[in-house]
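Undergrad: Fold the stuff below for me.
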Amino acid sequence: MAATPQNPAASAPRRKVSRHRGEGQWAVGHFTPLNGNEQFKKDDDGLNVRTRIETVYSQRGFDSIDPNDLRGRMRWWGLYTQRKPGIDGGKTAILEPEELDDEYFMLRVRIDGGALTTAQLRVIGEISQEFARGTADITDRQNVQYHWIRIEDVPAIWERLEGVGLSTVTACGDTPRVMIGSPVAGIAEDEIIDATPALEEMKRRVLNNKAYSNLPRKFKTAISGSPLLDVVHEINDVAFVGVRHPEHGPGFDVWVGGGLSTNPKLGVRLGAWVPIDEVPDVYEGVISIFRDYGYRRLRNRARLKFLVADWGAEKFRQVLEDEYLKRELVDGPAPEQPVQQWRDHIGVHRQRDGRFYVGFAPRVGRVDGATLTKVADLAEAHGSGRVRTTVEQKMIVLDVEQDRVDSLVEGLEALDLTARPSSFRRGTMACTGIEFCKLAIVETKQRGSTLIDELERRLPDFDEPITINLNGCPNACARIQVADIGLKGQLVLDDRGEQVEGYQVHLGGALGLEPGFGRKVRGLKVTAEELPDYIERVLRRFQAEREDGERFAAWAARASEEALS
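TA: Numbers count the residues shown, from 1 in each chain. You can find the predicted model right below:
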């Protein structure tokens, strides 16, 4: 006889109960890989792929590469397959990875803190000319990116780079990527504290270290002692910002959880002041929290910013102190707001030792190997053995004697690398775009360069700080959400109803003075052809309507949608 149910619900059809697998956090016991990326990382550490590249793939060619190495582990050594030529933006999200892959690679050279000797810069330029068809873009994270790299040439390139102290290790992948730093660390007259010793120790501890080579996603780091806040600290996973404690003196304020892409979030302060000799400990603690507690179930939620958003700054600091540092941190002040909007170090500036540094502006970070070798020659001819890259796709020559500055500036101008750029040349950035990137939908680099020329011609007297950032897809590599005018590439309909390249517009984003994300005007999309007309129109309205001293971001926040359309 069947048992009599003790309640009416017992006789109802049983619902299938799905077992919640958590977020894949190692610290709570979830070690089973929940997606393909986590599986291939568990199968073999990404750092190990170097041996296969050197002994197998470079000998047998592109077709010999294991797919999990090709589209996964090779990123641990700075290699991404580039986009096959001729594939339009409408097919970006439709085609399979193998259909998008060209048999050439982008190779990223990590330049921590943007610091280069002229000997290193010359080697970068020579490699570009010998192996990369002249390509050598400066990124907004102080790296240099090559294209057209053959797998057969990678070991020789590594040998050349490592011979001058450079590397591509963990320049990509789910790893601690390049550590961006103030390009004028140790030389600027107004510097609060030189972060170089901390940055060097951070690198020593984590690079090529398998304790940190399997993170949930990429991990971005910034550190600067400059009062200009010159490393976009608000949008990094962890950032150390120079401050002066009223009792303890110069040190660093700690920020965590910043990042852009399709779910942008500004970093939050932990409220902790850290002396320079403790920065590496705190850094290891933060990166370890990400490794152990980071979300590994879904790739689109695997960045540190999502954990910080769920926990909040107070819990994050508590876990950092209790579980990783085993000590309390000292409470500290927030950074002071910078007194100027430009943070790129462009122009001629006196160093603390009486010499000068000269910052100059390539077009949207696009240079070539021949130009870089000429910059190295120019720097050396004017007494400098050091150059820097910046987070604005710019460069700086350090240590120039006063009587050599004008000659250097003239030499740079002859290379179309101006130290006296227009606001448009100075403030326009662009990501790689559809030319090489498999995620891109539209072209960016050439369009950004053409846009600079058009705006200089149409608005020759415009001299306000303005940032115009072009991105080829929604992933925000060019920081569209925090630009005065951010342009997110997509396909749009033109007046004839035809699908063409265009942009969704973000207006009034900012970092530094009053950080925030730009606003989107409902339905505002601009075709690539209309872009110069649109920007000219908006900037003329800004000039006409702005209050005395008002920045573009502040005006855009209060302007009518009609004025922004």
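
Undergrad: Can you give the distance of the lowest-mean-pLDDT helix or strand in the chain from its chain's centre?
TA: When the helices and strands of the chain are scored by mean pLDDT, DSSP states H and E, helix 97-100 comes last with a mean of 90. Helix 97-100 has its C-alpha centroid displaced from the chain centroid by 25 Å (Cα atoms, centre = their mean, to the nearest Å).

Undergrad: Tell me who's in contact with the residue nearest to A313 when sequence neighbours are not counted.
TA: In space, and not counting its chain neighbours, A313 is closest to V268: 4.6 Å by Cβ to Cβ, 6 or more residues apart in numbering. To be clear about C-beta, it is placed using only N, CA and C from the backbone, and glycine gets the same treatment. Taking Cβ atoms under 8 Å, 6 or more residues apart in numbering, we find V268 in contact with W255, V256, G257, V308, G312, A313.

Undergrad: For R133, give its distance to Q318.
TA: Plainly put, R133 is 52 Å away from Q318 if you go by Cβ to Cβ, to the nearest Å.

Undergrad: what do you get for L166?
TA: Applying Cβ to Cβ to L166 and Q318 gives a distance of 39 Å.

Undergrad: Ok, T389 next?
TA: Applying Cβ to Cβ, the value for T389 to Q318 is 37 Å.

Undergrad: more neighbours, these two?
TA: Neighbour count, other Cβ atoms under 10 Å: between T389 and Q318, T389 has more, with 25 against 14.

Undergrad: so who does that one touch?
TA: Contacts for T389 (Cβ under 8 Å, 6+ apart) come out as I111, G114, L116, I138, Q142, N143, V144, P183, M395, I396.

Undergrad: which of the residues you listed sit farthest apart?
TA: Maximum pairwise distance in the contacts of T389, criterion Cβ to Cβ, is 15.4 Å, between N143 and I396.

Undergrad: okay, these two: which has more neighbours?
TA: I396 (26 against 22).

Undergrad: Three-state assignment for the more buried one, please.
TA: Assigned with DSSP: H, G, I helix; E, B strand; the rest coil, I396 falls in the strand class.

Undergrad: same question, M106
TA: The three-state assignment at M106 reads strand, by three-state DSSP.

Undergrad: Go ahead and confirm it touches R83.
TA: No: between M106 and R83 there is no contact under Cβ atoms under 8 Å: 9.3 Å.

Undergrad: overlap in contacts of the two?
TA: F436.

Undergrad: tell me the helices in the stretch 351-500 of the chain, going along the chain?
TA: 369-381, 405-414, 423-427, 445-458 (DSSP state H, counting those that start in this stretch).

Undergrad: Could you check how far the residue nearest the centre of the chain is from A115?
TA: In the chain, the residue lying closest to the centroid (Cα atoms, centre = their mean) is R141, at 4.4 Å. With distances taken as Cβ to Cβ, R141 is found 13 Å from A115.

Undergrad: Next, show the common contact partners of these two.
TA: Contacts common to R141 and A115, judged by Cβ under 8 Å, 6+ apart, are absent.

Undergrad: Give me the contact list for whatever helix or strand W255 lives in.
TA: Assigned by DSSP states H and E, W255 belongs to strand 249-256. If you take Cβ under 8 Å, 6+ apart as the criterion, strand 249-256 is touched by 192-193, 195, 198, 223, 225, 233-234, 236-245, 267-270, 272-276, 279, 282, 286, 304, 308, 313, 316, 329, 332-335.

Undergrad: shaky segments in the stretch 451-565 of the chain?
TA: Within the stretch 451-565 of the chain, no range satisfies pLDDT under 70.

Undergrad: Could you pull out the strands in it for me?
TA: For the stretch 451-565 of the chain, the strands defined by DSSP state E, counting those that start in this stretch cover 468-471, 485-493, 499-507, 525-527.

Undergrad: Distance to I434 added to those, as CSV?
TA: Converted to CSV, the strands of the stretch 451-565 of the chain look like this (distance: least, Cβ to Cβ, whole Å):
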stretch, distance to I434
strand 468-471, 11
strand 485-493, 8
strand 499-507, 8
strand 525-527, 15
